[in-house]
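# what follows is a predicted structure for the sequence shown.
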Amino acid sequence: MVVMDKCEKVLELARRRGFFTIASELYGGVAGFLDFGPLGTLLKKRIEEKWRQVFIKQHQDFIFEIETSVVMPSKVFEASGHVEHFTDFIVECSKCGRKFRADHLIEEQVEDITGLEGMTPAQLTNIIREHHVVCPECGGELEEVQTFNLLFKTAVGPYTENIAYLRPEAAQGMFVNFKHLYYALRERLPLGLAQIGKVFRNEISPRQGPIRLREFTIMEIELFFDPENPSCSLLDRVENEVLRLVPEELVAKGVFEPVEVKVREAVEEKLILTEWQAYFMALATKFVEELGVPQKAQMFIGKPKEERAHYSAQTYDQMVKLDRWGWVEVSGHAYRTDYDLAGHMKFSGEDLRVFKKLPEKIVERKLIAKPRMQVLGKLFKEKAPLMANTIRESDPKWLREALEKGSCKIGGFEISKDCVEFVEEEVEVTGRRFIPHVAEPSFGAERLTYVALEYSYTEREDRVVLKLPRDLAPIQAAVFPLVSKPPLTEVALQIADVLRSLGYYIDYDDSGSIGRRYARVDEVGVPLVITIDYQTLEDDTVTLRDRDTWKQVRVPIKAVPEALERFLKGARLEELGVPV
RNA sequence: GCGGCCGUAGUCUAGCCUGGUCUAGGACGUCGGCCUUCCACGCCGAGGACCCGGGUUCAAAUCCCGGCGGCCGCACCA
């Protein structure tokens, strides 16, 4: 007997019964990609739907689901920082061939060195040469530092210079659409944009089956809020719920034991920087619990700065304990500040700030730099409007001082005194402009699908029973005639038809023994089986069998749809009929 | 990408060392039939595999080389 760990058993079940399997398997398979079969497709959809329920539908006044393009032009990811930062520095040992993260290696071997993140590979190579950084394994000399970018690259149309990337997160689709959606949604903050969709990351070597993927489904919200009014009005709904946190400071000390704090306390003690993050973390706990993971098998780990993504001021990763892989991240909760909108403002030249009225208008004397368009137009042609914006946005005092000394470089171009007119004006200030800040919860749907399977996988008498939460079950009920003979089969088919017409996924099976059929549906988590037996022919009743207890009750055929609905919503079997 | 181990039906496995009765054997599952009044019953039958490419040889699942893929470790991450 081969001993299988739980993960292997789950993967075996997933493959054998058509939940999911490695993609392109016909040609050997490609690590990091999954193909979902019928049951897996349904299960994943149910998980997505539950997420939608918890995170979007309950907030439909201010969180809106959108769907944006997977392929985005290079500029988007230059602005977002992904082209530059979504990379690893790799350096190879010339002697033993091992590869290392170059920046980590330098930090280990050179004292008091920081700021490696913004450097070029050449600079890092120089540091390695200067400080004689060597291979930590064999002491051999290191080769040139190289970068590896995790973005998948492609080209739009037949023009190879028209570089685009597959998005590594759905977030950028929300940021680039922020401005017009903000107006379409009537200029209100807080505003949440949500998205469920595919994202792509060219991981160097994904080895963890369905856990580490190169293509996966992200479920993400970008919650835009006013940094001067960052409170979350819904926080009191969850303020007494407990979060299991390992704050950054503890992580830095190597402590991975969570502390249990109430949501409100976590905010007051500044363990969590924004109320919105705290609110979403409370929802995330509940959401993952409803997928079958008890709270004690969950925690949030604070990411120290050097481990955070380039855009994040604070990140908590929601971790779930898995049988083989230990604590695995299922969601990330990042405080992205104004990083992304500021970046897109800079690269696009669009003003992505929002305007908010003050309670009373204020009159201010103000120096204003007015661009002289006649001059700018001649000098800069089509770039003139861009220059005008740059002039308006620059600090007028600074600009005037600089121009009085002659010319000045701004926005990459040289301008002279006659490009700008300075006027002192009384201005009515009726409001302020600012870049909204963003709190982002982000979940991986495939991981959660695996997690739900692992947590529901049980064995009973050498059989597999998949105790999925009833509302996640891909197939909601099965209908079996006790033996495969009319009229039992006919009655069973009628019941199956009725339930199907009501919108349920129903398995009908009349093959082999009844025991085998029960076993088959237990294995894929069908919560309820309706069995038609000889008594049905006498009194129009059928039995309902509970997957988890194997107990049965008897109900009239007419009562079956309502009984199923109540059962799926959590009713106990005994409430539905007469015990057999 | 590196190192170690590995690759035979859907799954598990026999065979490989010592090349040839291998037309590749078995078990479970699947499908069809018979049987069957509640938890993988029994009987009969069917379908289904040597990772890919090259080499050695009269002859390759078996020996050699290369590739691909998997698992474990290093590194990275939702």
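It's in. Residues are numbered from 1 along each chain as shown, chains lettered A, B, ... in the order given.
# residue A:329 belongs to a strand?
Yes. Under DSSP: H, G, I helix; E, B strand; the rest coil, residue A:329 sits within a strand.
# just checking, it touches residue A:318?
Yes. Between residue A:329 and residue A:318 there is a contact under C-beta atoms under 8 Å: 6.8 Å. Just so you know, the C-beta spots here come from the backbone N, C-alpha and C atoms, and that holds for glycine as well.
# more neighbours: which of the two?
The neighbour count for residue A:329 versus residue A:318, taken as other C-beta atoms under 10 Å, is higher for residue A:318 (25 against 16).
# that one sits in which helix or strand?
Using DSSP states H and E, residue A:318 sits within strand A:314-322.
# other SSEs contacting that strand?
Counting contacts by 3 or more C-beta pairs under 8 Å, 6 or more residues apart in numbering; DSSP states H and E, strand A:314-322 packs against helix A:275-290, strand A:298-302, strand A:326-337, helix A:445-456.
# are stretch A:511-525 and RNA strand B in contact anywhere?
Yes. Using C-beta under 7 Å from any atom of the strand, we find that stretch A:511-525 touches RNA strand B at A:511-516, A:518-520, A:522-523.
# including neighbour count, secondary structure and pLDDT, could these go into a markdown table?
As requested, those are arranged in a markdown table below (neighbours: other C-beta atoms under 10 Å; DSSP: H, G, I helix; E, B strand; the rest coil; pLDDT from 0 to 100):
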| residue | neighbour count | secondary structure | pLDDT |
| --- | --- | --- | --- |
| A:511 | 9 | coil | 92 |
| A:512 | 10 | coil | 90 |
| A:513 | 11 | coil | 93 |
| A:514 | 18 | helix | 95 |
| A:515 | 9 | helix | 94 |
| A:516 | 10 | helix | 95 |
| A:518 | 21 | helix | 96 |
| A:519 | 16 | helix | 95 |
| A:520 | 18 | helix | 95 |
| A:522 | 23 | helix | 96 |
| A:523 | 17 | helix | 94 |
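# what's the closest of those residues to RNA strand B?
When the residues of stretch A:511-525 next to RNA strand B are compared for distance to RNA strand B (C-beta to the nearest atom of the strand), residue A:515 comes out closest, at 2.3 Å.
# how near is the closest one to residue A:445?
35 Å (C-beta to C-beta, to the nearest Å).
# ok, now residue A:166?
Counting by C-beta to C-beta - residue A:166 and residue A:445 are separated by 17 Å.
# same question, residue A:85
Distance, residue A:85 to residue A:445, using C-beta to C-beta: 25 Å.
# in stretch A:225-234, what counts as buried?
A:225-226, A:232, A:234 (16 or more other C-beta atoms under 10 Å).
# now swap in stretch A:68-84 and tell me
A:68, A:70, A:72, A:74, A:76-77, A:79-80, A:82-83.
# would you mind listing what in the stretch 201-350 of chain A touches RNA strand B?
So the stretch 201-350 of chain A meets RNA strand B at A:201, A:203-209, A:211-214, A:216, A:307, A:309, A:315, A:317, A:324, A:329-332 (C-beta under 7 Å from any atom of the strand).
# up against RNA strand B, what does the stretch 401-550 of chain A have?
Residues of the stretch 401-550 of chain A lying near RNA strand B by C-beta under 7 Å from any atom of the strand: A:442-444, A:446-447, A:461-464, A:482-485, A:511-516, A:518-520, A:522-523, A:531, A:533-534, A:543, A:545, A:550.
# 6 Å - rerun?
Contacts of the stretch 401-550 of chain A with RNA strand B, taken as C-beta under 6 Å from any atom of the strand, map to A:442, A:444, A:446-447, A:463-464, A:482-484, A:511, A:513-516, A:518-520, A:523, A:531, A:533-534, A:543, A:545, A:550.
# would you turn the helices and strands packed on strand A:314-322 into TSV with distance to residue A:193?
Formatted as TSV, the helices and strands packed on strand A:314-322 follow (distance: least, C-beta to C-beta, whole Å):
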stretch	distance to residue A:193
helix A:275-290	13
strand A:298-302	23
strand A:326-337	13
helix A:445-456	18
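# would you turn the ones you listed into TSV with mean pLDDT?
Listed next are the helices and strands packed on strand A:314-322 as TSV, based on pLDDT from 0 to 100:
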stretch	mean pLDDT
helix A:275-290	97
strand A:298-302	95
strand A:326-337	93
helix A:445-456	94
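# and residue A:149, which of these is closest to it?
strand A:326-337 (20.1 Å; C-beta to C-beta).
# contacts for the closest one?
Under the contact criterion C-beta atoms under 8 Å, 6 or more residues apart in numbering, strand A:326-337 has outside partners A:171, A:211, A:222, A:227, A:256, A:273-274, A:277, A:280-281, A:284, A:288, A:299-301, A:308-309, A:311-322, A:437-444, A:447-448, A:451.
# quick one: distance of the next helix or strand after that strand to the chain centre.
Per DSSP H and E, strand A:326-337 leads on to helix A:339-348 as the next helix or strand towards the C-terminus. Distance of helix A:339-348 from the chain centroid (C-alpha atoms, centre = their mean, to the nearest Å) equals 21 Å.
# buried sites along helix A:339-348?
Going by 16+ other C-beta under 10 Å, helix A:339-348 has these buried residues: A:339-341, A:343-345.
# pull the most distant pair out of those residues.
Greatest spacing in the buried residues of helix A:339-348, by C-beta to C-beta: A:339 and A:345 (11.0 Å).
# CA atoms of stretch A:65-84 as PDB?
In PDB, the C-alpha atoms belonging to stretch A:65-84 read as follows (Å, rounded to 0.1, in the frame of the first residue of the first chain):
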ATOM      1  CA  GLU A  65     -17.700  44.700 -10.400                       C
ATOM      2  CA  ILE A  66     -16.000  45.500 -13.700                       C
ATOM      3  CA  GLU A  67     -14.200  43.400 -16.300                       C
ATOM      4  CA  THR A  68     -11.100  44.800 -18.000                       C
ATOM      5  CA  SER A  69      -8.700  43.700 -20.600                       C
ATOM      6  CA  VAL A  70      -6.100  41.100 -19.900                       C
ATOM      7  CA  VAL A  71      -3.600  42.400 -22.400                       C
ATOM      8  CA  MET A  72      -2.400  45.900 -21.600                       C
ATOM      9  CA  PRO A  73       0.200  48.100 -23.300                       C
ATOM     10  CA  SER A  74       3.700  48.400 -22.000                       C
ATOM     11  CA  LYS A  75       3.100  51.900 -20.800                       C
ATOM     12  CA  VAL A  76       0.600  50.700 -18.200                       C
ATOM     13  CA  PHE A  77       3.100  48.500 -16.500                       C
ATOM     14  CA  GLU A  78       5.900  51.100 -16.800                       C
ATOM     15  CA  ALA A  79       3.600  53.400 -14.900                       C
ATOM     16  CA  SER A  80       2.600  50.700 -12.400                       C
ATOM     17  CA  GLY A  81       6.300  49.900 -11.700                       C
ATOM     18  CA  HIS A  82       5.900  46.300 -12.800                       C
ATOM     19  CA  VAL A  83       8.300  46.500 -15.800                       C
ATOM     20  CA  GLU A  84      11.000  47.800 -13.400                       C
END
